[in-house]
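Undergrad: Pasted the sequence and its predicted model underneath.
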Amino acid sequence: MTITDAPPAARPAGRRRIVWTGLLWLSLIPAVIWLPARTFGWDAGFWVQLLAFTPYVAIWTLLPVLAALATRRWAAAAVAALIAFGFALATVPRVVADGDRGPSSGVELRVMTTNMLFGGADAGEIVRLVRDNAVDVLAVQEFTERGQQALQAAGLEQVLPFNQLAPEWGASGSALYSRYDFAEQASRRNDGGFQQAHATVQVPGAGTVYVESVHPLAPSSRDVVSGWSADLADQVPAAGGLPKVLLGDFNATLDHKPLRDLIATGYRDAADAVGKGWIGTWGPYDGDPIPPVTIDHVLADDRIGVKDVQVHSVKDSDHRAVIAWLTVPAT
């Protein structure tokens, strides 16, 4: 029997298969790194920013699965499917309404948060959202004297006459406006330098609820990541005392461990609870091609029910307003 080499045409085909197999395995490496980073809260500078885009990566992980199945690379398909499953466990629950959304009976409290982008957002549009949705409590971030005057001129104080205001130049100001009177009110400056207005709101028929306009430092560079993490850790935990609602620009998504740790003290994310947790609230900014991410939240502690959430664009702001329909247990 004579042994001959493989036909010349078979060699390039074999090499191409090896190359494509290698590329398929290489395509899995970013997701293999990303998933543990997201799960365990790797706070290396650039990772904090990238983790905000985890839902987009979760969708992308389906492509290697399909490519491996289509080309019958079974080992790669199994690994890719396992990775995609891990991302699905982390992100898919946000688009599925929770079976337990807290108490369903009690007194309805409608809350809204909006970031005014250095006080320049359209005040008339904000007031219209408050009126049209019968908002009871409004939290404002990046609240300046210009923004305060614009909201006043647009008639906000006619609808929400009680307030705790801490206007400042730039991005550090904060405010709370309410339909109901406050038992106590103040503003505190977090370590990142932002004001956070807070108050105990006297809700008729439901007693008193603690509300705070949240705005931790943004993890915009490696140097401030530790400050961002510290600001989130310093937010008021849910357990004990009055029922609590934290709402505002958290500069974090549910893929950031410091925010998940805060929620674990006894809060539920309102948008996540009703299956709207993938709706982006920030971006693009100044026309940059940045996919929207979800960094504005309403956190209600477990003693408060969540009925619904809506997200609305606001002219001249890079953030969308978030409105949540909550249920506070009656007294």
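TA: Sure, I can see it.

Undergrad: residue contacts, residue 178?
TA: 136-138, 160, 162-163, 199, 201, 211 (Cβ atoms under 8 Å, 6 or more residues apart in numbering). All C-beta atoms are positioned from the backbone trio N, CA, C, and that covers glycine.

Undergrad: likewise residue 219?
TA: 45, 48-49, 225, 228, 251-252.

Undergrad: As a check, name the ranges of all helices in the stretch 51-200 of the chain.
TA: Applying DSSP state H, counting those that start in this stretch to the stretch 51-200 of the chain gives helices spanning 54-60, 62-70, 74-91, 123-132, 145-153, 156-159.

Undergrad: give me the low-pLDDT residue ranges for this structure?
TA: The chain contains residues with pLDDT under 70 at 1-14, 284-288.

Undergrad: Domain ranges for it, per the record?
TA: The chain breaks down into these domains under automatic domain parsing: 10-94, 104-328.

Undergrad: Straight-line length of the longest one, end to end?
TA: Put plainly, it is domain 104-328. 9 Å (Cα to Cα, to the nearest Å).

Undergrad: chain center to it: distance?
TA: How far domain 104-328 lies from its chain's middle: 11 Å, per Cα atoms, centre = their mean, to the nearest Å.

Undergrad: How about the shortest one?
TA: For domain 10-94, the distance between its averaged C-alpha position and the chain's averaged C-alpha position is 24 Å (Cα atoms, centre = their mean).

Undergrad: next one: stretch 324-331
TA: That offset, for stretch 324-331, works out to 22 Å (Cα atoms, centre = their mean).

Undergrad: Give me the buried positions along that stretch.
TA: Within stretch 324-331, the residues that count as buried by 16 or more other Cβ atoms under 10 Å are 324-329.

Undergrad: list the contacts for the closest residue to residue 172 other than its chain neighbours?
TA: Nearest residue to residue 172 in three dimensions, chain neighbours excluded: residue 194, at 4.7 Å (Cβ to Cβ, 6 or more residues apart in numbering). Residues counted as contacts of residue 194 (Cβ under 8 Å, 6+ apart) are 141, 171-172, 174, 215-217, 231.

Undergrad: Tell me which of the domains of the chain is the most buried.
TA: domain 104-328 (a mean of 20; mean count of other Cβ atoms under 10 Å).

Undergrad: From residue 109, how far off is residue 204?
TA: 10 Å (Cβ to Cβ, to the nearest Å).

Undergrad: ditto for residue 239
TA: Distance of residue 239 to residue 109, computed by Cβ to Cβ: 20 Å.

Undergrad: what comes into contact with stretch 26-37?
TA: Under Cβ under 8 Å, 6+ apart, the answer for stretch 26-37 is 42, 47, 50-51, 54, 57, 60-61, 63-64, 67, 76, 79-80, 83, 86-87, 90.

Undergrad: Now for residue 202: which residues touch it?
TA: 180-183, 208.

Undergrad: Helix or strand next in line after the strand or helix carrying it, which one?
TA: Here residue 202, judged by DSSP states H and E, is contained in strand 195-203. Going down the chain from strand 195-203, the next helix or strand is strand 207-214, by DSSP H and E.

Undergrad: Now do stretch 269-279: distance from first to last residue.
TA: Distance across stretch 269-279, first residue to last, is 13 Å (Cα to Cα).

Undergrad: Likewise for stretch 119-137?
TA: End-to-end for stretch 119-137, by Cα to Cα: 19 Å.

Undergrad: Repeat that for stretch 290-302.
TA: Counting by Cα to Cα, you get 34 Å between the two ends of stretch 290-302.

Undergrad: now do stretch 232-243
TA: End-to-end distance of stretch 232-243 (Cα to Cα): 19 Å.

Undergrad: Pull the residues that contact that stretch.
TA: 190-191, 198, 200, 207-210, 212, 214, 216, 244, 246, 250, 252, 256, 258-259, 261-262, 265-267, 299, 301-304, 328-329.

Undergrad: run the last query once more with 6 Å
TA: Stretch 232-243 is touched from outside by 208-210, 216, 244, 258-259, 262, 265-267, 301, 303-304, with contacts defined as Cβ atoms under 6 Å, 6 or more residues apart in numbering.

Undergrad: Show me which pair in these is furthest apart.
TA: Using Cβ to Cβ, the contacts of stretch 232-243 reach their maximum pairwise distance at 208 and 258, which is 27.9 Å.
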